[in-house]
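Undergrad: Got a predicted structure here, sequence first:
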Amino acid sequence: MNASDVLKYGNGTVMQAIEGLEAAEWETGGVCGVWSVKNIVAHLASYELVLGEVLLSFKQHVGQPGVSPGSSATPMLNAFVSGQFNDTQVALRQNQSPTETLAEYSSAYGQVAALAAQLSGETFRQAGTLPWYGLEYALDDFIVYAFYGHKREHCAQIAVFRDRLVSR
């Protein structure tokens, strides 16, 4: 698997899902529970920030014997694994405009893409490097399930929302 490609296609799915939405449509609730498109993008931005911290820990610990790179504690990762992450992170971004929310997501994705490009394929495939996720999983599993699949699910919800807008 090519993790950089998986990340790129996940981001492309998000960009396609939101393309052409009006500002008011970004703010309309009910896209995913009570969340709006803006809330979903804020949620995805917070996930990108988590992944950025995880990838940075891999980059910083490459080649250090006895160190599990993905086990490094970071502020976003700590929040992610402690519970209540989703609603808390969306609430922190509630006062952002749609433009600011998208800019944060895009910036975080850019950092993730740059960090991923610096890691070897073997780094992505090595099982047991994310003890908080499960010792049987590797970084590429985390990216596919918690990021690519996650983005696809939320983008499908945005697509349903857009279909409802058209039928009005």
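TA: Ah, there it is. Residues are numbered from 1 along each chain as shown.
Undergrad: Tell me where this structure has helices.
TA: Counting by DSSP state H, the chain has helices at residues 3-18, 23-27, 37-61, 75-82, 85-92, 98-117, 121-125, 139-143, 149-167.
Undergrad: Flag whichever of these has the least confidence on average.
TA: Mean pLDDT is lowest for helix 75-82 among the helices of the chain, at a mean of 88.
Undergrad: ok, and for it, which residues are buried?
TA: Buried positions in helix 75-82, judged by neighbour count with 16 or more other C-beta atoms under 10 Å: 76, 77, 79, 80. C-betas here are computed from N, CA, C, even on glycine.
Undergrad: And the third one, how far from residue 98?
TA: Meaning residue 79. Going from residue 79 to residue 98 by C-beta to C-beta, to the nearest Å gives 24 Å.
Undergrad: next one: the second one
TA: Counting by C-beta to C-beta, the gap from residue 77 to residue 98 is 27 Å.
Undergrad: Pick the most deeply packed of the helices of the chain.
TA: Most buried of these, by mean neighbour count (mean count of other C-beta atoms under 10 Å): helix 37-61, with a mean of 23.
Undergrad: just checking, what packs against that helix?
TA: helix 3-18, helix 23-27, helix 75-82, helix 85-92, helix 98-117, helix 139-143, helix 149-167 (3 or more C-beta pairs under 8 Å, 6 or more residues apart in numbering; DSSP states H and E).
Undergrad: any chance of the ones you listed in TSV, plus distance to residue 59?
TA: Listed next are the helices and strands packed on helix 37-61 as TSV, based on distance: least, C-beta to C-beta, whole Å:
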stretch	distance to residue 59
helix 3-18	13
helix 23-27	34
helix 75-82	15
helix 85-92	23
helix 98-117	6
helix 139-143	11
helix 149-167	23
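Undergrad: who touches the residue with the largest distance to the centre of the chain in this structure?
TA: Outermost residue of the chain with respect to the C-alpha centroid, by C-alpha atoms, centre = their mean, is residue 168; its distance is 31.2 Å. Listed by C-beta atoms under 8 Å, 6 or more residues apart in numbering, the contact set of residue 168 is empty.
Undergrad: And for residue 14, nearest residue in space, chain neighbours not counted?
TA: residue 151 (5.5 Å; C-beta to C-beta, 6 or more residues apart in numbering).
Undergrad: The one you found reaches residue 45, doesn't it?
TA: No - when contacts are counted by C-beta atoms under 8 Å, residue 151 is not listed as touching residue 45 (11.5 Å).
Undergrad: Give me the common contacts of those two.
TA: Counting by C-beta under 8 Å, 6+ apart, nothing touches both residue 151 and residue 45.
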